[in-house]
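Enquirer: Got a sequence here, can you build the structure:
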Amino acid sequence: MSRSQNDEVGLAPPWLREVADGIFAYIQPDGTWWINNTGFIRGERTLLSVDTCSTERRTRAYLEKVVEVAGDVPRVLVNTHHHGDHTNGNCLMPFATIIGHERCRDEIVRSGIVHYPGLFEPIEWGELTASPPFVTFERRLDVYVDDLKIELSHLTEAAHTTNDVVAWIPEHRVLFSGDLVFNGGTPFVVMGSVAGSIEALRLVKELQPDVIIPGHGAPGGMDMVERCLDYLEWIEHSAEQAVADGVMPLEAARSLDLGEFAELTDPERLVGNLHRAYAECQGARPGAPIDLAAAFADMIALNDGRPLRCMA
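Expert: Next up is the predicted model:
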């Protein structure tokens, strides 16, 4: 979708917020499908980016803002997970050292640039090539911007995906959470784990960050974590009841009352999350393969048979 079409639907432009000294959040409204957040950490000698964007246009706009504020492009890039809204733009930082979880690299090498034709409204992707991390780790890695330590951690076997990484900056109590946390959007765990996400969010709570930069939505505090936890615990309970009643995920999704979660964007994610929760109720380990095609087909069905809204 072109810039003019995005303007016509009234999406606000991205905005930048310095959440602590030299730590910047780059927020892309409205935070729905493929419209993610990034950020960067500026030192005297080092410039580090957390994630890129889904399209060439959005990534170039982000890098222009980085250069405007920091005077250069980042030479270090951390990917919080493999999804294309956070990694498609990696190729536009050809001189950066790209760091991520080892399974993040595996997923990008395996799948390349994924466009999900027919699932979303048309998107103008631009010229993109897959550029996976080439520095990888399994559990924990510390990187430094000058003398400022950034602790990269893979908290659980699977959560939003199988390869989620958070970037914790203890000196300033700032956390880049990736898509473990959504602010205003429906959490999405079909490629990860409901139980694992709940565990990861509880570990985030133990850190007690003052500022969280979520993967989607405005920066905030612990209330965002509590909100995501409440939703995922409701999903887990609802799935347990539906499995016991012999109800299929789409039927369950259509009958559930979203209640306090009705205001969250992208509500069709409900049935995708139920597919994952059903698998775990039936003994699947976190992150185990499930029928994603069936989950996505049910998401379109729950969206009245229409492709999912995407303004990227």
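Enquirer: Closest to the centroid, which residue in this protein?
Expert: D179 (3.0 Å; Cα atoms, centre = their mean).
Enquirer: Is that one in contact with I213, as I believe?
Expert: No. In this structure, D179 is not within contact of I213 by Cβ atoms under 8 Å, at 11.5 Å. C-beta: built from backbone N, CA, C; applies to glycine.
Enquirer: so after the lowest-mean-pLDDT helix or strand in the chain, what's the next helix or strand?
Expert: Lowest mean confidence among the helices and strands of the chain (mean pLDDT, DSSP states H and E): helix 3-8, at a mean of 43. Scanning forward in sequence from helix 3-8 by DSSP states H and E, the next helix or strand is strand 15-20.
Enquirer: Each with direction, which strands does that next one pair with?
Expert: According to DSSP bridges, strand 15-20 forms sheet pairs with strand 23-27 (antiparallel).
Enquirer: ok, residues contacting the partner strand?
Expert: By Cβ atoms under 8 Å, 6 or more residues apart in numbering, the surrounding residues in contact with strand 23-27 are 14-19, 37-42, 62, 65-66, 69, 169, 172, 174, 213, 217-219.
Enquirer: from those, which ones fall inside strands?
Expert: The strands, defined by DSSP state E, take in 15-19, 38-42, 169, 174, 213 from the contacts of strand 23-27.
Enquirer: What is the nearest of those residues to P132?
Expert: The shortest approach to P132 among these belongs to T38, at 17.3 Å (Cβ to Cβ).
Enquirer: Tell me how many other residues crowd the closest one.
Expert: 30 (other Cβ atoms under 10 Å).
Enquirer: for the one 5 residues further on, same thing?
Expert: By the measure other Cβ under 10 Å, the count of residues near G43 is 14.
Enquirer: what's the answer for the one 4 residues further on, then?
Expert: Around L47 there are 22 other residues, counting by other Cβ under 10 Å.
Enquirer: what do you get for M299?
Expert: M299: 24 neighbours (other Cβ under 10 Å).
Enquirer: Check A130 too.
Expert: Under the neighbour criterion other Cβ under 10 Å, A130 is assigned a count of 16.
Enquirer: Grab the nearest non-local neighbour of it.
Expert: Leaving out its chain neighbours, the residue that sits closest to A130 by Cβ to Cβ, 6 or more residues apart in numbering is G112, at 4.4 Å.
Enquirer: Then R140?
Expert: Excluding its sequence neighbours, the residue lying closest to R140 (Cβ to Cβ, 6+ apart) is S153, at 5.4 Å.
Enquirer: distance of H83 from L92?
Expert: Distance, H83 to L92, using Cβ to Cβ, to the nearest Å: 17 Å.
Enquirer: Lovely, talk soon.
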